[in-house]
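>>> The amino acid sequence is not available; the structure is as follows:
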């Protein structure tokens with residue numbers, strides 16, 4: 001199992017990652033989550049303009065093993081969802097930190113990002 005997580009991202013106990021991108025925050029799921037899920041077959045994401053709340057569900061990922069909820073790492077308004085995943089959900093398996101991103105948020109409180117785990121903390125968390 002991989003314990004290499006990008007150090008420029010922040011992580012949640014629900015296995016989402018968040019990355020500051022200008023005033024926005026990009027959100028996706030971690031490689032650890034992808035390994036647990038197996039082949040992803042469908043990603044259901046909110047439309048732009050949807051308001052999400054930290055810790056609350058904002059969508060689903062269907063895989064060959066299960067349907068898993070996605071939880072918002074921080075509160076804010078969805079600026080964009082990755083529409084490429086509609087036709088190619090496998091991008092999440094192939095590149096969870098790149099082409100497999102899920103949503104871009106306009107955070108309502110950017111300091112929430114500071115409360116998330118660092119890569120080092122997340123690696124320890126998943127190692128148990």
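Noted; the coordinates are in hand. It should be emphasised that the depicted structure is a prediction, and the values quoted were computed from it without experimental measurement.
>>> so where do the helices sit in the protein?
Counting by DSSP state H, one finds helices in the chain at the ranges 31-37, 84-87, 91-94, 119-127.
>>> how far out from the middle of the chain is the third one?
Yep, that's helix 91-94 we're talking about. Its chain's C-alpha centre and that of helix 91-94 lie 12 Å apart, by CA atoms, centre = their mean, to the nearest Å.
>>> Give me the mean pLDDT for it.
For helix 91-94, mean pLDDT rounds to 96.
>>> who does that helix touch, helix- and strand-wise?
Judged by 3 or more CB pairs under 8 Å, 6 or more residues apart in numbering; DSSP states H and E, helix 91-94 is in contact with strand 40-44, helix 84-87. (Glycine included, C-beta is placed from N, CA and C.)
>>> Looking at those, which is nearest to residue 4?
For the helices and strands packed on helix 91-94, the distance to residue 4 is smallest for strand 40-44, at 20.1 Å, taking CB to CB.
>>> between the helices of the chain, which gets nearest to residue 105?
Judged by CB to CB, the one of these that comes nearest to residue 105 is helix 84-87, at 16.0 Å.
>>> ok, back up a step: out of the helices of the chain, indicate the one that is most buried.
By mean neighbour count, with neighbours taken as mean count of other CB atoms under 10 Å, helix 31-37 ranks first of these at a mean of 20.
>>> outside of it, which residues touch it?
With CB atoms under 8 Å, 6 or more residues apart in numbering as the test, helix 31-37 has contacts from 1-2, 4-5, 15-16, 40, 61, 63, 65-66, 68, 92-93, 96-97, 100, 126.
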